[in-house]
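Engineer: for reference, the sequence and a predicted model appear below.
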Amino acid sequence: MAKKISFKTRSQITNEEIIIAEGVLGETVIEHENYYYVSPEALTHQVEEMINITDGTPHDQEKGVKHYVNLVNPDTNEIIKPKIAWIYHDTAEGMEHIIDKYGFSKISDNAVTVEEVNQ
């Protein structure tokens, strides 16, 4: 049975619920450590990469250079939620499976709610 995963948040501007991404585990969503990594085609809302924001823990840096992304309004380019996810464009050896995928914590927090549904 496939497991569908939705990544949701609330707009800081309107407080409306926004589905950021939806995908199927093992297809457009993969698990790595305590995170989900989502293929770009699973995104349902526009994100923009934050330029020159590459911080992270030493563990993150073992994977490569982490770039955070903002959730933005596609009509106005206004930031709806900052640092909603992250992405690695280049990774250390052995981490190639997360290249160009959007990372989300498996634990829901104040930025993103993760919902798993068996199909």
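Structural biologist: Nice, I can see it. Residues are numbered from 1 along each chain as shown.
Engineer: now do the strands in this structure.
Structural biologist: 3-10, 17-24, 29-32, 35-38, 47-49, 64-72, 79-91, 102-105, 113-118 (DSSP state E).
Engineer: same list (these) but as TSV, adding mean pLDDT and mean neighbour count.
Structural biologist: In this view, the C-beta of every residue, glycine as well, is placed from N, C-alpha and C. Listed next are the strands of the chain as TSV, based on pLDDT from 0 to 100; neighbours: other CB atoms under 10 Å:
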stretch	mean pLDDT	mean neighbour count
strand 3-10	88	19
strand 17-24	90	18
strand 29-32	93	16
strand 35-38	93	22
strand 47-49	72	15
strand 64-72	84	19
strand 79-91	85	19
strand 102-105	90	20
strand 113-118	74	12
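Engineer: the closest residue to Lys8 other than its chain neighbours and Gly94: what is the separation?
Structural biologist: Of all residues not flanking Lys8 in the chain, Thr113 sits nearest, at 4.6 Å (CB to CB, 6 or more residues apart in numbering). Separation of Thr113 from Gly94 (CB to CB, to the nearest Å) stands at 30 Å.
Engineer: ok, Trp86 next?
Structural biologist: Taken as CB to CB, the span from Trp86 to Gly94 is 18 Å.
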